[in-house]
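>>> give me coordinates for this.
(one chain, ligands or ions: 1)
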Amino acid sequence: MAATLLDSYTEMTEILLPNDTNNLGRALGGAVLNWMDICGAVAAMRFAGDQVVTASMDHVDFIAPIELGEVVVVEAYVFDTGRTSIDVKVDVRAEDPRSERPDRDTTTCFFTFVALDEEGRPTPVPDLACESDAERALRDRAVADRKEQLRGVAERLEE
Ligand SMILES: CC(=O)SCCNC(=O)CCNC(=O)[C@H](O)C(C)(C)COP(=O)(O)OP(=O)(O)OC[C@H]1O[C@@H](n2cnc3c(N)ncnc32)[C@H](O)[C@@H]1OP(=O)(O)O
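Residues are numbered from 1 along each chain as shown. Model (predicted):
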């Protein structure tokens, strides 16, 4: 049984409202993580066709702030699988349709979800199929980016 990277592709669009901001009028990290977790879980569920739970999130760097009123676009896709686990890349970018300001990448995180059967036990997931060059490129980039991110974190801890 196989499912494609495209089957999993999920985009979620939010607008940053006051409830999700800090006292500087910028996005709370926890609000962004919540959107990323939901978007990643939807991608994993679309892929597996089963309920999933978040097993882990890798390191998260918030590389640029998101300002009140900006549009937040969260994108997620499956790039690797185990027997019952599903690895998902989640990217976040901010857009301001009211200005000429260019879109900004604000964070990326790699999640692992586990598919569960109706009794809540881990259950096998489909193999990942990449049918186009674009899908293969996304998969390879995610694998490389995850390794690079983990290498960067290890180097920072050693400094
Ligand atoms: C604190 C919170 O609110 S967390 C948010 C919501 N998430 C949850 O509630 C999930 C809570 N955790 C759980 O239910 C369990 O730990 C589970 C379902 C994730 C894993 O259960 P386990 O009994 O460890 O299952 P098991 O040992 O069979 O492993 C199943 C798969 O999970 C993977 N896995 C287990 N723990 C982790 C982890 N911390 N990180 C990544 N993958 C993991 C295993 O590698 C295995 O993958 P594979 O089948 O592809 O080889």
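>>> and the longest helix seen in the chain, what other elements does it pack with?
Secondary structure of the chain read by DSSP state H shows that its longest helix is helix 133-158. If you count contacts as 3 or more CB pairs under 8 Å, 6 or more residues apart in numbering; DSSP states H and E, helix 133-158 packs onto helix 5-8, strand 71-81, strand 85-95, strand 104-116. Heads up, the C-betas are built off the backbone N, CA and C, glycines and all.
>>> up against the ligand, what does this protein have?
Residues of the chain found near the ligand, taking CB under 6 Å from any ligand atom as the criterion, are 53-56, 82-85, 112, 114, 122.
>>> out of those, what pair is the most spread apart?
The largest separation in the residues of the chain next to the ligand, counting by CB to CB, is between T54 and R83 at 17.5 Å.
>>> most centrally placed residue in the chain?
V90 (1.6 Å; CA atoms, centre = their mean).
>>> re the thing from before, more crowded one of T54 and R83?
A direct count of neighbours by other CB atoms under 10 Å for T54 and R83 places T54 higher, at 15 against 10.
>>> quick check: buried residues in the helix or strand containing the more buried one?
Assessed by DSSP states H and E, T54 sits inside strand 51-57. Residues of strand 51-57 classed as buried by neighbour count (16 or more other CB atoms under 10 Å): 51-52, 57.
>>> if you count contacts, what does it end up packed against?
Here strand 51-57 is seen to pack against helix 29-48, strand 104-116 when contacts are counted using 3+ CB pairs under 8 Å, 6+ apart.
>>> now the chain against the ligand: closest residue?
G82 (2.2 Å; CB to the nearest ligand atom).
>>> R83 is in contact with P124, correct?
Yes. In terms of CB atoms under 8 Å, P124 counts as a neighbour of R83; the distance is 5.8 Å.
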